[in-house]
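Q: dropping a prediction and its sequence here:
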Amino acid sequence: MTFWQVFLMLMIFVPLIMLWVFTLVDLFQRADLSGIAKALWAIAIVLLPLIGMLVYFLLREPSAPAVGDRPTSTPVEPSGPDVSPPGAADVADQLERLADLRDKSILTDDEFQREKDKLLGSGPE
């Protein structure tokens, strides 16, 4: 192989193959398409690689959910000073989290004491 053949392969064909594989992986991770729609898109992408990929990405919804994605309304565990989730029953776990935050210097000693007093109900709220 000449230098230009290797160069052409590395700079053009390898990225195109990677894009082709990425498109197929993206297609099969989508949860908003039925099995038949996925199969038809896969046929189009395999038989017409450049045109199929281009049309797929142009017509794809920007926020199409993937199969493993969790809904956006799922509550995320707080990371600030108020670490106790509402309605939590186990005070010991909450105190342990507060102590971890204090040990990592995320909470100061005063903030730790205030939150601890709130949890134990022994201080001003």
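A: Perfect, thanks for sending it.

Q: can you tell me the closest non-neighbouring residue to F57?
A: T23 (7.3 Å; Cβ to Cβ, 6 or more residues apart in numbering). (Glycine included, C-beta is placed from N, CA and C.)

Q: residue ranges with poor pLDDT in this protein?
A: 63-89, 122-125 (pLDDT under 70).

Q: how close does Q5 get to V91?
A: Per Cβ to Cβ, to the nearest Å, Q5 is found 69 Å from V91.

Q: between the two, who's got more neighbours?
A: Between Q5 and V91, V91 has the larger neighbour count (other Cβ atoms under 10 Å), namely 13 against 9.

Q: ok now do the closest residue to that one other than its chain neighbours, which residues does it touch?
A: Among residues not flanking V91 along the chain, L119 sits closest, at 5.4 Å (Cβ to Cβ, 6+ apart). By Cβ atoms under 8 Å, 6 or more residues apart in numbering, the residues touching L119 are S84, V91, Q94, L95, L98.

Q: the fourth one and D117 touch, don't they?
A: No - with contact defined as Cβ atoms under 8 Å, L95 does not count as touching D117 (11.1 Å).

Q: of these two, who's got more company?
A: Ranked by neighbour count (other Cβ under 10 Å), L95 and D117 place L95 first, with 17 against 13.

Q: just the C-alphas of the helix or strand encompassing that one, formatted as CSV.
A: Per DSSP states H and E: L95 is located in helix 91-103. Presented in CSV, the C-alpha positions along helix 91-103 are these (Å, rounded to 0.1, in the frame of the first residue of the first chain):
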residue,chain,number,x,y,z
VAL,A,91,-32.5,9.7,60.7
ALA,A,92,-29.3,7.7,61.2
ASP,A,93,-28.6,7.5,57.4
GLN,A,94,-29.2,11.3,57.1
LEU,A,95,-26.8,12.0,60.0
GLU,A,96,-24.3,9.7,58.3
ARG,A,97,-24.6,11.7,55.0
LEU,A,98,-24.2,15.0,56.9
ALA,A,99,-21.1,13.7,58.6
ASP,A,100,-19.7,12.6,55.2
LEU,A,101,-20.4,16.1,53.8
ARG,A,102,-18.7,17.6,56.8
ASP,A,103,-15.7,15.3,56.4
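
Q: all set now, cheers.
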